[in-house]
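Asker: Got a sequence here, can you model it:
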Amino acid sequence: MASRDSNILFDDIFTINGIDTEGKRFDRVSRLTAKSSNFDMTLSLDYNVELYPLYKGEAVTVTLASSLSLGGITQDEEANTWRPGAKKTKALDDDYDYVMHGRVYKFDEAAEGKVTVYVSFGGLLMALAGSFRHLQNIVIGENIFLLMRR
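Answerer: The predicted structure is shown next:
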């Protein structure tokens, strides 16, 4: 990847194949399941349906990044703020519709180079599974941003 995108850990387009397939537990939260277009990955993600309504069959780009800075990894508070009006410079989240910030809490290895990365975004959970080579830059305990757009 270009040096401008050195903070991007994963990026792919997913087609949603189910929403709340195991039932709906919370009014404002749904869990989607999706399959990626390019890397043969599967995704399970909790998200706020009031802020970002999604539908079965819809395609969304999902990006995981270590920072919102366009210049790469940074601890600059302004670059890592996604709230409207809180920043003055252009950042990665300007090109996305939905952003969450969380922490990688688990990394499971399965047979034949398959892994699952688990991230908690303040209680909203994500499980991303597939080939280790597409997830090798993600580390347990790391803070990451999830960005989505249609």
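Asker: Tell me where this structure is predicted with low confidence.
Answerer: Scanning the chain for pLDDT under 70 picks out 1-5, 71-88.
Asker: which residues of it fall in helices?
Answerer: For the chain, applying DSSP state H gives helices covering 132-135.
Asker: Strands along that one, start to end?
Answerer: In the chain, the strands defined using DSSP state E lie at 8-19, 29-36, 42-48, 59-65, 98-109, 114-121, 124-131, 143-149.
Asker: could I get these as JSON lines with mean neighbour count?
Answerer: Glycine gets a C-beta too; all of them are placed from N, C-alpha and C. Shown next, in JSON lines, are the strands of the chain (neighbours: other C-beta atoms under 10 Å):
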{"stretch": "strand 8-19", "mean neighbour count": "18"}
{"stretch": "strand 29-36", "mean neighbour count": "19"}
{"stretch": "strand 42-48", "mean neighbour count": "19"}
{"stretch": "strand 59-65", "mean neighbour count": "20"}
{"stretch": "strand 98-109", "mean neighbour count": "16"}
{"stretch": "strand 114-121", "mean neighbour count": "19"}
{"stretch": "strand 124-131", "mean neighbour count": "19"}
{"stretch": "strand 143-149", "mean neighbour count": "19"}
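Asker: Distance to T89 added to these, as JSON lines?
Answerer: Shown next, in JSON lines, are these (distance: least, C-beta to C-beta, whole Å):
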{"stretch": "strand 8-19", "distance to T89": "18"}
{"stretch": "strand 29-36", "distance to T89": "31"}
{"stretch": "strand 42-48", "distance to T89": "26"}
{"stretch": "strand 59-65", "distance to T89": "16"}
{"stretch": "strand 98-109", "distance to T89": "16"}
{"stretch": "strand 114-121", "distance to T89": "24"}
{"stretch": "strand 124-131", "distance to T89": "27"}
{"stretch": "strand 143-149", "distance to T89": "16"}
